[in-house]
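1. Only the shape, not the letters, is given here:
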């Protein structure tokens, strides 16, 4: 009895030691990448700006004030006013909220659905796999923006519907990626051994496939956040996003683009810089996470 | 080789059928159905019923699908009540323009990205590689329309070289060349960043291969190694990417067309989305999806020609 207990504790210690080691390697790889740490800091600052900014900088974003339209920056309106007379700085905060919420939600939804579709397709194989993958192929061959616009013209857009619509296109390549990983994982010795013990299928997927796909999935999901923000901006530019007074960075930019020949720079460049900075930071973060995942894999 | 080509053709055919089924399902998901979409919400039940009978909407779904698919095959995509024109006439008018824009932009993008990626992979982690990678990453993180706007500001407002609209497209060759400059540059730059990234990493991977060491030990010069050996082997992955990027580029084309008022299928699609002209929307989706599948098929077959290993798989 005592021997088994000491045995267990030693095993435990070894296990936790190993895990701490892997995490530490991951953290070290990440921190060594100055660009990635910088991106993380920038992202945190942008999130604070959008979500806490309105508590410090109070503006009226609900009603249009046509007497105040297109005013240049002044002490009352630090970044001037929009074509509808709303304060631009406050508007950037509000637009950033929906943009960031959408990016994160799409990343999460697309990854979850892609993970389920990909693991099932790859693990079950055969006819089911062919059918599931042909569906993905067919949807992927419709250029995503056409598909999104078609869906957005059928439903009346709210933020949640747009999240669903963009996720509906975004999960496709994730499913393909996860399927590929699953195909290579399911022929590994430990999975075959576990299957030989009579482990049920769902447990094989949940315990042996999914945890090993997670690294790649997180990298992919991060890049999906960047793509989703770009797609949302494109929809905002095309006038197919959430109706006012709600807004997003793409729609703010669109306002600036329409007035581009009048020289209203404050309507264009601040939104442009925010959007590029955010997407750039997320992309750099995704690349850094890929290095971390690869470092972890080479550790094994 | 024949078996490989036939196999890929079969797969493409299945994908096209799947696309048509998806489009057909969307057609029937429309709130109130296609008839309501055409007649508007104020139509009387009798009018609705008459059109339903006329369009054969009361028959079983599989039969409806087959008639619809048969009509689409013969180039009959229905009638646009909003534009008072056959959808096929509109498609024949607008789709080739988009095809032209996409093809030229992709050509330029590949012609730029391949030498750039080759150079960056060769000069890996040197200052010039970092500068190029950084610039490309910034471009990659820009919404396509913002890229276009930056180009308008620089090449139209600051330096008045090119016009900011391509709405006169089709006038004459000289007019077209200047009108098309900004749309093509925008769509091309949006793709260069995507291709050169992959080209660079393919070159880096290939430079570590044994055959490079062999060539070097035979006394081959750097230039010969890069141009004769590494280039050809790195091209394969970039070519696959070209196929995969087609839907992405066509989406970019929609934005570019809307921004520069270029009268292509993307602009038609956007305008039709605003008037909810569903026959046109679905016709464009179907034709463009089929063209994307065919484009991918051509790339895959080319891939098999260039790289014999692919045929065996």
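-> Nice, I can see it. All values reported here derive from a predicted model rather than from experimental measurement.
2. For chain A, see how far away the spatially most central residue of chain B is.
-> Centroid check for chain B by C-alpha atoms, centre = their mean gives residue B:250 as the closest residue, at 2.9 Å. Distance of residue B:250 to chain A, computed by C-beta to the nearest C-beta, to the nearest Å: 4 Å. Backbone N, C-alpha and C define where each C-beta goes, glycine included.
3. Disregarding flanking residues, what is the spatial nearest neighbour of that residue?
-> Distances taken as C-beta to C-beta, 6 or more residues apart in numbering or on different chains place residue A:143 nearest to residue B:250, at 4.1 Å, with adjacent residues excluded.
4. quick revisit: which residues touch the residue nearest to the centre of chain B?
-> Applying C-beta atoms under 8 Å, 6 or more residues apart in numbering or on different chains, we find residue B:250 in contact with A:143, A:146, B:98, B:102, B:266, B:288, B:292.
5. Look at the residue nearest to residue B:250 and report its pLDDT.
-> Looking at residue A:143, its pLDDT is 85.
6. Quick check: phi and psi on it?
-> phi -50, psi 130 (degrees, to the nearest 10).
7. and what of residue B:125?
-> phi 60, psi 10.
8. Give the buried residues for the helix or strand hosting residue B:138.
-> In the assignment (DSSP states H and E), residue B:138 maps to helix B:127-140. By 16 or more other C-beta atoms under 10 Å in any protein chain shown, the buried positions in helix B:127-140 come out as B:129, B:132-133, B:136-140.
9. near chain A, from the residues you listed?
-> Among those, proximity to chain A is found for B:137-138, B:140 (C-beta under 8 Å from any C-beta of the partner chain).
10. Out of the contacts of residue B:250, which comes closest to residue B:218?
-> The closest of the contacts of residue B:250 to residue B:218 turns out to be residue B:102 (C-beta to C-beta; 42.4 Å).
11. For that closest one, give me its contacts.
-> B:187, B:246, B:249-250, B:253.
12. Next: residue B:157.
-> A:260-261.
13. now swap in residue A:169 and tell me
-> Neighbours of residue A:169 in contact, by C-beta under 8 Å, 6+ apart: A:139, A:144, A:147-148, A:231.
14. Show me which of those are buried.
-> The buried subset of these (16+ other C-beta under 10 Å) comprises A:139, A:144, A:147-148, A:231.
15. Show me which residues of the stretch 1-150 of chain A sit near chain B.
-> Residues of the stretch 1-150 of chain A lying near chain B (C-beta under 8 Å from any C-beta): A:134-135, A:137-147, A:149-150.
16. farthest-separated two in the residues you listed?
-> Across the residues of the stretch 1-150 of chain A next to chain B (C-beta to C-beta), the longest gap, 23.9 Å, separates A:134 and A:149.
17. Specify which residue of these two has the higher count of neighbours.
-> residue A:149 (26 against 16; other C-beta atoms under 10 Å in any protein chain shown).
18. now the more buried one: how far from residue A:57?
-> 34 Å (C-beta to C-beta, to the nearest Å).
19. so what does the helix or strand harbouring residue B:200 touch, helix or strand wise?
-> Per DSSP H and E: residue B:200 is located in helix B:173-207. Secondary-structure packing of helix B:173-207 (3 or more C-beta pairs under 8 Å, 6 or more residues apart in numbering or on different chains; DSSP states H and E): helix B:87-122, helix B:127-140, helix B:144-152, helix B:231-244, helix B:246-260.
20. Buried residues, that helix. List them.
-> For helix B:173-207, by 16+ other C-beta under 10 Å, it's B:179-204, B:206-207.
21. Now do that helix against helix B:127-140, angle only.
-> Helix B:173-207 and helix B:127-140 are oriented at 120 degrees to each other (axes from the mean of the first three to the mean of the last three C-alpha atoms, to 10 degrees).
22. Also compute the angle for helix B:173-207 relative to helix B:144-152, please.
-> Here the directions of helix B:173-207 and helix B:144-152 differ by 120 degrees (the same axes, to 10 degrees).
23. What mean pLDDT does the helix or strand following helix B:173-207 get?
-> Next along the chain after helix B:173-207, taking DSSP H and E as the criterion, comes helix B:210-217. For helix B:210-217, mean pLDDT rounds to 83.
24. Around chain A, pick out the residues from the stretch 151-300 of chain B.
-> Counting by C-beta under 8 Å from any C-beta, the stretch 151-300 of chain B sits next to chain A at B:152-153, B:157, B:246-248, B:250-252, B:254-255, B:258-259, B:269-270, B:273-274, B:276, B:281-282, B:284-285, B:288-289, B:292-293, B:296.
25. follow-up on the earlier one: take the buried residues of helix B:127-140 and lay them out in CSV including pLDDT and distance to residue A:265.
-> What follows is the buried residues of helix B:127-140, written out as CSV (pLDDT from 0 to 100; distance: C-beta to C-beta, whole Å):
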residue, pLDDT, distance to residue A:265
B:129, 85, 33
B:132, 87, 28
B:133, 86, 29
B:136, 87, 26
B:137, 86, 25
B:138, 87, 19
B:139, 86, 21
B:140, 85, 24
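26. Would you mind pulling up the elements that the helix or strand that contains residue A:273 packs against?
-> Using DSSP H and E, the element containing residue A:273 is helix A:265-299. Packed against helix A:265-299, as judged by 3+ C-beta pairs under 8 Å, 6+ apart, are the following elements: helix A:2-32, helix A:34-56, helix A:88-124, helix A:210-238, helix A:249-258, helix B:127-140, helix B:144-152.
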